[in-house]
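Undergrad: got a predicted structure plus its sequence, pasted below:
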Amino acid sequence: MRRLAILAVSVVAFGLGVFWIVTMPAMVPASALAPHNPHLANGRTMFYAGGCPACHATPDQDDRTRLGGGVAIKLAVGTFYAPNISPDPNDGIGRWSEADFVTAMQVGTSPARTHYFPVFPYPSYRNMKREDVRDLFAYLKTLPPVAGRARDHDVRFPFNIRRSLGGWKFLFVDGLLSGEPFRPDPARSPAWNRGGYLVNGPGHCAECHSPRNILGGIKRGQRFAGAPEQTGDGWVPNITQKGLAAWSERDIAYLLETGETPDGDSVGGDMTKVVRNTSQLDPQDRAAIATYIKSLPPVEGPVPPPKKTE
């Protein structure tokens, strides 16, 4: 019995050690960042392509560059509140270093060395070019500082244990079930590669348009195939050719500019915020996104519920 007890303790200790190592928050050191001259116009493009105002703009005011946070994002595991990412030195990111920002965007770790919840779409932002992330940081620093911090997240146990998010990252961000990051395809056109980058990187389209498994990871075989809205209200459509076969590239680009569909309807829900951002992009970027989306092969996704009739 004594040997069994010692063995059990050893196994538990070994397991805890592995867990501690696997879940350790990663950081991007300042030494990993080469000298860089920020391109503010590109930073603005990344700002709107990444949808920053949709979550971080202070509610109940019209200036989309006042990034005081506070937007409530209600999911099955609890309610998340978008933080202040204005240049305010006390309540925002005014005291962050460039390495802090790159780490947050592409590794999902805070300056305090804790894991961010993946409601912040760093699994997609990791596909961004490092220079684009740095340009975005430079652009954010030109925006007005906003005082005031958003309230803490209200997430139920055990999902509020941040250390366990390291295990989630190990599976779904840079590990066993993460899938391959987006890479340019030299056999494709420059427009397709630009669109693929914007869709899979800053645009993080798959984060909403893909169904998820029981652990909250995107189902790799059904990427872009539609899903219930994570808020539990509504349905995010299939944007592969299973859902958009009748749409042209021009139709897709026009929707990203105006929010209008080919049949004369208009988008609703969170997509209205997306269009508010994509309408600020250059027409060439909207066309590139359309080129890429139109190229997505048909994928059978989950079946949406029947539409309610009045």
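TA: In hand now; what should we look at?
Undergrad: which ones are touching Thr291?
TA: Taking Cβ atoms under 8 Å, 6 or more residues apart in numbering, we find Thr291 in contact with 189, 191-192, 195, 249. (Glycine included, C-beta is placed from N, CA and C.)
Undergrad: now Val267
TA: 255, 259-261, 274-275.
Undergrad: so which of those are in strands?
TA: Using DSSP state E, the subset of the contacts of Val267 located in strands is empty.
Undergrad: save those as a markdown table, and put in neighbour count too.
TA: Shown next, in a markdown table, are those (neighbours: other Cβ atoms under 10 Å):
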| residue | neighbour count |
| --- | --- |
| Leu255 | 21 |
| Gly259 | 18 |
| Glu260 | 14 |
| Thr261 | 14 |
| Val274 | 19 |
| Val275 | 17 |
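Undergrad: looking at the residues you listed, which is nearest Ala147?
TA: Closest approach between the contacts of Val267 and Ala147, by Cβ to Cβ: Val274, at 28.1 Å.
Undergrad: that closest one contacts Ala54, doesn't it?
TA: Yes - with contact defined as Cβ atoms under 8 Å, Val274 and Ala54 form a contacting pair (6.8 Å).
Undergrad: grab the nearest non-local neighbour of the residue nearest the centre of the chain.
TA: Compute the mean C-alpha point of the chain, and by Cα atoms, centre = their mean the closest residue is Pro121, 2.2 Å away. Leaving out its chain neighbours, the residue that sits closest to Pro121 by Cβ to Cβ, 6 or more residues apart in numbering is His204, at 4.1 Å.
Undergrad: could you count how many residues lie near that neighbour?
TA: 22 (other Cβ atoms under 10 Å).
Undergrad: going along the chain, name the helices of the chain.
TA: With DSSP state H as the criterion, the chain has helices at 2-22, 40-49, 52-56, 98-107, 122-125, 130-140, 165-172, 190-200, 206-209, 241-244, 249-258, 271-278, 283-295.
Undergrad: got the CA coordinates for stretch 110-118 in CSV?
TA: Taking C-alpha atoms only, stretch 110-118 is exported to CSV below (Å, rounded to 0.1, in the frame of the first residue of the first chain):
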residue,chain,number,x,y,z
SER,A,110,-1.5,40.0,-21.0
PRO,A,111,1.3,42.2,-19.7
ALA,A,112,0.6,40.7,-16.3
ARG,A,113,1.4,37.3,-17.8
THR,A,114,-2.1,35.8,-17.6
HIS,A,115,-4.0,34.2,-20.5
TYR,A,116,-6.6,36.1,-22.3
PHE,A,117,-10.0,34.5,-22.9
PRO,A,118,-10.4,33.6,-26.6
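Undergrad: what residues does that stretch touch?
TA: 23, 25, 27, 80, 96-97, 100, 103-104, 108-109, 122, 153, 155, 162-163, 165-166, 168-169, 172-173, 216.
Undergrad: now that stretch, how far from the centre of its chain.
TA: Taking Cα atoms, centre = their mean, to the nearest Å, one finds stretch 110-118 lying 15 Å from the centre of the chain it belongs to.
Undergrad: give the buried residues for that stretch.
TA: Residues 110, 115-118 are the ones in stretch 110-118 that count as buried (16 or more other Cβ atoms under 10 Å).
Undergrad: any idea of the mean pLDDT in that stretch?
TA: Across stretch 110-118, pLDDT averages out at 94.
Undergrad: quick revisit: out of the buried residues of stretch 110-118, flag the one nearest to Ser31.
TA: Comparing those against Ser31 with Cβ to Cβ places Ser110 closest, at 19.6 Å.
Undergrad: right, I'll call it a day here.
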